[in-house]
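J.: Kindly generate the corresponding structure for this input.
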Amino acid sequence: MKKYLSYLLIMTMAVGFLAFQCQSTEMTSAKLYIQQKNLPKAKASLLKEVKKNPKSDEGYYLLGYVYGEEGNFQKMVESFNKSLEISKKFEKKIKDARKYHWAQNFNKGVQFFNKAAKAADKKQADVNFTKAINFFKNAALCEPDSAANYQNLAFAYLSAEKPDSAIDPLLKLKSLKNSPDVYIRLGQIYFNKGVEELNKFYTSKDKADSIAAMKNFDTCISYLEEGRKKYPSNSDILLLLSNAYIKANKISVAMDAFKAGVEQEPNNKYYRYNYGVLLLGANKYAEAAEQFKKALEIDPKYENAIYNLAVTYVKWGASMNEEALAKGEDSDAYKEKYKLAYPYLEEYLKLKPNEAAVWELLGKVYANLGMNDKSKEAFNKADALRK
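T.: Numbering: from 1, shown residues only. Just a heads-up that it's a prediction; the model follows:
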């Protein structure tokens, strides 16, 4: 689903002048040029003014005003700050100017972001995302303590598929406004970077790629652990954290962490579920099943727990069958696990009836149990959904 951003209220701004008497020629000329909207000449006069009179608070204020009108917001802020260092005489006007330009840039950023979200092709979207990013950067220059700037800037970078560029605004956002989304997005960026490096390693066999992957997974884990401490029941943080531990080959560390979470909060279904995922990944089927069943006692409609309990039984049964075959034994004991699996698969498909892969898995389970009619029906359903 595409994301759209919201606009701010439109603000207005007016420049104010003090009396013209007892002022330098440069200052008088600059004010006239501003009234005539001749910004280049106004700027030239003001630059001369502040060079001759470095303590000209009004000169720097008006220079900031001109830079703002020109769209040079870095210079605008620098000039305003110099004016305020000299005196607070123009403080209210400076605050109003900064808020005005902040709102203007923020709204333009929203406008181009929403255009990008509606764009018919990637090229058009990229052009509009770039414009949105530049306007949100300008907004951040004007009002650096507004969390909304960094939130939208990060989201624009992520939507433009530039995740590395989103890191700095996310960190700034984290310092201004704590929310689980910040930790999730930082974690996801580093998780994806780790997966990318790991895939490179599988092809290159270059140890440096593996080291880079582990470094990214460690960074991912550090942000998600920080997020987990603040938001211990956030399911997205917990799931991504458990996946990061698995990718980083730190399953035992993850198990200890989630086991401790279960012990501290036994009625937290997310801790139960994620501990179960880790146990399943370690092929500890009995222990995994116990955690998923506990999660379902807490929330009988917890879809992920229903599905993974079914998968646990399927993998458990497949493992038993493989062991028997390896020993040259002919045993049907594994079918008992499949019998436990299929009611949960059926229950899951009542909640999520359009998942072809799950219908196919159910068809295989039915087939192993000799339920041929049901197996055929499940496979047909999977095929129909894939068309």
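
J.: Longest helix in this protein, please.
T.: Secondary structure of the chain per DSSP state H: the longest helix is helix 91-118.

J.: quick one: that helix to chain centroid distance?
T.: 23 Å (Cα atoms, centre = their mean, to the nearest Å).

J.: What residues of it count as buried?
T.: By neighbour count on 16 or more other Cβ atoms under 10 Å, the buried set for helix 91-118 is 93-94, 96-117. Just so you know, the C-beta spots here come from the backbone N, C-alpha and C atoms, and that holds for glycine as well.

J.: What is the neighbour count of residue 44?
T.: 16 (other Cβ atoms under 10 Å).

J.: thinking again about what came up before, C-terminal to the longest helix of the chain, what's the next element?
T.: helix 122-142 (DSSP states H and E).

J.: outside of that following helix, which residues touch it?
T.: 71, 73-74, 76-77, 98-99, 101-102, 105-106, 108-113, 115-117, 119, 146, 149-150, 152-153, 156-157, 159-160, 169 (Cβ atoms under 8 Å, 6 or more residues apart in numbering).

J.: Which elements pack onto whatever helix or strand comes next after it?
T.: Sequence order places helix 147-159 as the next helix or strand after helix 122-142, per DSSP H and E. If you count contacts as 3 or more Cβ pairs under 8 Å, 6 or more residues apart in numbering; DSSP states H and E, helix 147-159 packs onto helix 91-118, helix 122-142, helix 163-176.

J.: now the longest one against helix 122-142, angle please.
T.: For helix 91-118 against helix 122-142, the angle by axes from the mean of the first three to the mean of the last three Cα atoms, to 10 degrees is 170 degrees.

J.: Give the rounded mean pLDDT of helix 91-118.
T.: Helix 91-118 carries an average pLDDT of 96.

J.: Point out the other helices and strands that it packs with.
T.: helix 57-70, helix 73-86, helix 122-142, helix 147-159.

J.: Report the buried residues of the second one.
T.: If you call a residue buried by 16+ other Cβ under 10 Å, then helix 73-86 has these buried ones: 73, 75-80, 82-84, 86.

J.: between these, which is nearest residue 361?
T.: Nearest to residue 361 among those is residue 73, at 56.0 Å by Cβ to Cβ.

J.: and that closest one, what pLDDT?
T.: Predicted confidence (pLDDT) for residue 73: 97.

J.: so how far is residue 52 from it?
T.: Distance, residue 73 to residue 52, by Cβ to Cβ, to the nearest Å: 26 Å.

J.: And residue 119, by the same measure?
T.: On the measure of Cβ to Cβ, residue 119 and residue 52 end up 51 Å apart.

J.: What of residue 321?
T.: 91 Å.

J.: between these two, who's got more neighbours?
T.: residue 321 (19 against 13).

J.: which stretches of the stretch 251-387 of the chain form helices?
T.: For the stretch 251-387 of the chain, helices defined by DSSP state H, counting those that start in this stretch occupy the ranges 251-264, 269-281, 285-298, 303-326, 335-351, 356-368, 372-386.

J.: how about JSON lines for those helices, with mean pLDDT and distance to residue 137 added?
T.: Below are the helices of the stretch 251-387 of the chain laid out as JSON lines (pLDDT from 0 to 100; distance: least, Cβ to Cβ, whole Å):
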{"stretch": "helix 251-264", "mean pLDDT": "87", "distance to residue 137": "38"}
{"stretch": "helix 269-281", "mean pLDDT": "91", "distance to residue 137": "37"}
{"stretch": "helix 285-298", "mean pLDDT": "97", "distance to residue 137": "44"}
{"stretch": "helix 303-326", "mean pLDDT": "96", "distance to residue 137": "39"}
{"stretch": "helix 335-351", "mean pLDDT": "96", "distance to residue 137": "44"}
{"stretch": "helix 356-368", "mean pLDDT": "96", "distance to residue 137": "42"}
{"stretch": "helix 372-386", "mean pLDDT": "95", "distance to residue 137": "44"}
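
J.: Pick the most buried one from those.
T.: Mean neighbour count (mean count of other Cβ atoms under 10 Å) peaks for helix 269-281 among these, with a mean of 25.

J.: Now do that one: which elements does it pack against?
T.: helix 235-247, helix 251-264, helix 285-298, helix 303-326.

J.: Tell me the secondary structure of the most centrally placed residue in the chain, please.
T.: Taking Cα atoms, centre = their mean, the centroid of the chain lies closest to residue 185, which sits 2.6 Å from it. Here residue 185 is recorded as helix under DSSP: H, G, I helix; E, B strand; the rest coil.

J.: Let me see the contact set for it.
T.: Contacts of residue 185 (Cβ under 8 Å, 6+ apart): 154, 158, 166, 170.
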